[in-house]
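1. Here is a sequence with its predicted model. Questions after.
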Amino acid sequence: MTTNTRRAISAYVQTGIETGVSEADPHRLIQMLFEGVLAAIADAGVKLDAGDIPGRGQAISKAIAIIEQGLQPSLDTTKGGELADRMNALYAYIVTRLLHANLRGEQEGLYEATRLVSELHAGWKAIGPAQGGESPRIGMPA
């Protein structure tokens, strides 16, 4: 694949993501964050298998950034109470597993992080957006 082709594909993908974000309701935005974390972890696994240490680090850093800058700040600890606190702790645990996977160059942490995020993602998808276009309340803002 040529460099120009890669740039074109990258631009297309980025445009699609930006369009999706601007058109998404709050419930869908959280789904997209989960999907972004899962994609970054999958990329990290590919890079780990290929021996691409810098690439692995970048992919894991991306997953961590999505968690720390997207998912954790979306928690409403005032309205979400104990559930939001537990989710915040779970996110922190996932970040720790990702960091250890990167430092040790091990797939196990990536597998566990994928499993946990996949379960959260499936649960979030299952509750669906509330009637009237509002996001369901599970310690996350509408």
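-> In hand now; what should we look at? Numbering: from 1, shown residues only.
2. my read: residue 98 touches residue 112, true?
-> No: contact criterion Cβ atoms under 8 Å: residue 98 and residue 112 do not qualify, at 9.3 Å. Using the backbone N, CA and C atoms, a C-beta is placed for each residue, glycine as well.
3. Settle it for me: which of those two has more neighbours?
-> residue 98 (26 against 16; other Cβ atoms under 10 Å).
4. Assign a three-state SS to the more buried one, would you?
-> With DSSP: H, G, I helix; E, B strand; the rest coil as the basis, residue 98 sits in helix.
5. And it, how far from residue 80?
-> Distance, residue 98 to residue 80, using Cβ to Cβ, to the nearest Å: 23 Å.
6. before we move on, what about residue 41?
-> Residue 41 sits 25 Å away from residue 80, going by Cβ to Cβ.
7. When these two are compared, which one has more neighbours?
-> Ranked by neighbour count (other Cβ under 10 Å), residue 41 and residue 80 place residue 41 first, with 26 against 18.
8. you'd agree that one is up against residue 61?
-> No: taking contacts as Cβ under 8 Å, residue 41 lies outside contact range of residue 61: 11.5 Å.
9. Show me what the mean pLDDT comes to for the helix or strand hosting residue 65.
-> Using DSSP states H and E, residue 65 sits in helix 53-66. Mean pLDDT, helix 53-66: 96.
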